[in-house]
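> what shape does this take:
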Amino acid sequence: MFGDKIYGEPKEAVDNIIEESFERYSQAKEKKGKSAEEQMIDSVSEQLTSVIITCVKPIVCPLQRLELWKSF
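Predicted structure coming up:
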């Protein structure tokens, strides 16, 4: 688009914009054939997965589990 004269942060910004555009296009293309109900289920599933990962991530380490066990 701008040639080889983009360096550093501006190049990273352009690369990020392109990557985000591809992701949005892929998601839109994937959802195109789904009903509203299926899209809602997928959205809730993604949100729940995110919450579960956030909640479980801190206690994945065995040492942390041991410390939690000792606290009881």
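> need the next SSE after the lengthiest helix in the chain, C-terminal direction.
If you go by DSSP state H, the chain has its longest helix at helix 8-32. Later in the chain than helix 8-32, the nearest helix or strand by DSSP states H and E is helix 36-56.
> mean confidence score for that following helix?
For helix 36-56, the mean pLDDT works out to 80.
> start at 16 instead
All right, first residue 16 from here; so that's helix 51-71.
> with only the CA atoms kept, save it in CSV.
Extracted C-alpha coordinates of helix 51-71, given in CSV (Å, rounded to 0.1, in the frame of the first residue of the first chain):
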residue,chain,number,x,y,z
ALA,A,51,-29.2,-15.7,14.9
GLU,A,52,-29.6,-18.3,17.6
GLU,A,53,-26.4,-20.1,16.6
GLN,A,54,-24.5,-16.8,16.6
MET,A,55,-25.8,-16.0,20.1
ILE,A,56,-24.7,-19.5,21.3
ASP,A,57,-21.2,-19.0,19.8
SER,A,58,-20.9,-15.6,21.4
VAL,A,59,-22.0,-16.8,24.9
SER,A,60,-19.6,-19.8,24.5
GLU,A,61,-16.7,-17.5,23.7
GLN,A,62,-17.5,-15.3,26.7
LEU,A,63,-17.8,-18.3,29.0
THR,A,64,-14.5,-19.7,27.8
SER,A,65,-12.9,-16.4,28.4
VAL,A,66,-14.2,-16.2,31.9
ILE,A,67,-13.3,-19.8,32.7
ILE,A,68,-9.7,-19.2,31.4
THR,A,69,-9.4,-16.0,33.5
CYS,A,70,-10.7,-17.7,36.6
VAL,A,71,-8.7,-21.0,36.3
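> cool, thanks, talk later.
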